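Colleague: coordinates only, sequence not included:
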């Protein structure tokens, strides 16, 4: 069920709010998001995490990626192909530069946890992406039991979003102040992160 707003309207509204965030606000949110993801019990045993190098307007992933590498976790980053599928490369020590060497579109299946971008996420786990379907196709090849985490700002968790049959829901939503597990039960919400 949806409020009647289209995916395009949601994307435009969120993009406007994201552009208005200050650099300090974005940096603080990135640190809090990293703390929230790192506190997930599933991360304790994760050997490989598929993440992404965030754009300036997206919830930041640089602190998370650095912390994962510091723990010895193999971090995969997506590379958008011409057909809008995602190839994968290993993250490098430099914050914004992936290592050369493509691993193939199936490399995401080696991940124990996938941290994916989202424009917004509904309380039932419906994730709104950018519209190309790249992540929906990538998530379709995951091993059963692979945890899928979406990172968004607090005001990007909404009651409901329009969804289509190919849309892949997420297991966990991490915001700067809370962690939700929408598919684990009735909209379970944990208290604020320790940051």
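Modeller: Arrived safely, thanks for sending. Note that this is a predicted model, so its numbers are computed, not measured.
Colleague: who's in contact with whichever helix in the chain runs longest?
Modeller: In the chain, with assignment by DSSP state H, the single longest helix is helix 23-38. The contact list for helix 23-38 (CB atoms under 8 Å, 6 or more residues apart in numbering) reads 21, 43, 54, 56, 59-64, 67-68, 115, 149, 151, 153, 174-179, 193-195. For glycine as for every other residue, the C-beta is placed from the backbone atoms N, C-alpha and C.
Colleague: just the buried members of those?
Modeller: 21, 43, 54, 59-61, 63-64, 67-68, 115, 149, 151, 153, 174-176, 178-179, 193 (16 or more other CB atoms under 10 Å).
Colleague: what strands line up against the helix or strand where residue 76 lies, and which way round?
Modeller: In this structure, residue 76 sits in strand 74-80 according to DSSP states H and E. Here strand 74-80 has these sheet partners by DSSP bridges: strand 48-50 (parallel), strand 86-90 (antiparallel).
Colleague: any chance of these in JSON lines, plus mean pLDDT, distance to residue 143 and mean neighbour count?
Modeller: Below are these laid out as JSON lines (pLDDT from 0 to 100; distance: least, CB to CB, whole Å; neighbours: other CB atoms under 10 Å):
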{"stretch": "strand 48-50", "mean pLDDT": "96", "distance to residue 143": "11", "mean neighbour count": "24"}
{"stretch": "strand 86-90", "mean pLDDT": "92", "distance to residue 143": "15", "mean neighbour count": "19"}
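Colleague: residue 10: which of those strands is closest?
Modeller: Checking the strands paired with strand 74-80 against residue 10 by CB to CB gives strand 86-90 as the closest, at 22.0 Å.
Colleague: how far off centre is that closest one?
Modeller: 15 Å (CA atoms, centre = their mean, to the nearest Å).
Colleague: following it in sequence, what is the next regular element?
Modeller: Criterion used, DSSP H and E; the element after strand 86-90 is strand 113-117.
Colleague: which helices and strands does that next one pack with?
Modeller: strand 48-50, helix 134-139, strand 147-151 (3 or more CB pairs under 8 Å, 6 or more residues apart in numbering; DSSP states H and E).
Colleague: lowest average pLDDT across those?
Modeller: Among the helices and strands packed on strand 113-117, helix 134-139 carries the lowest mean pLDDT, at a mean of 88.
Colleague: hmm, who's touching that one?
Modeller: Taking CB under 8 Å, 6+ apart as the rule, helix 134-139 contacts 78, 80, 84-86, 105, 108, 114, 116-117, 127, 129, 148, 166-168.
Colleague: if we go to 10 Å?
Modeller: Contacts to helix 134-139, defined as CB atoms under 10 Å, 6 or more residues apart in numbering, come from residues 50, 52, 78, 80-81, 83-88, 105-109, 111, 114, 116-118, 127, 129, 146, 148, 150, 164, 166-170.
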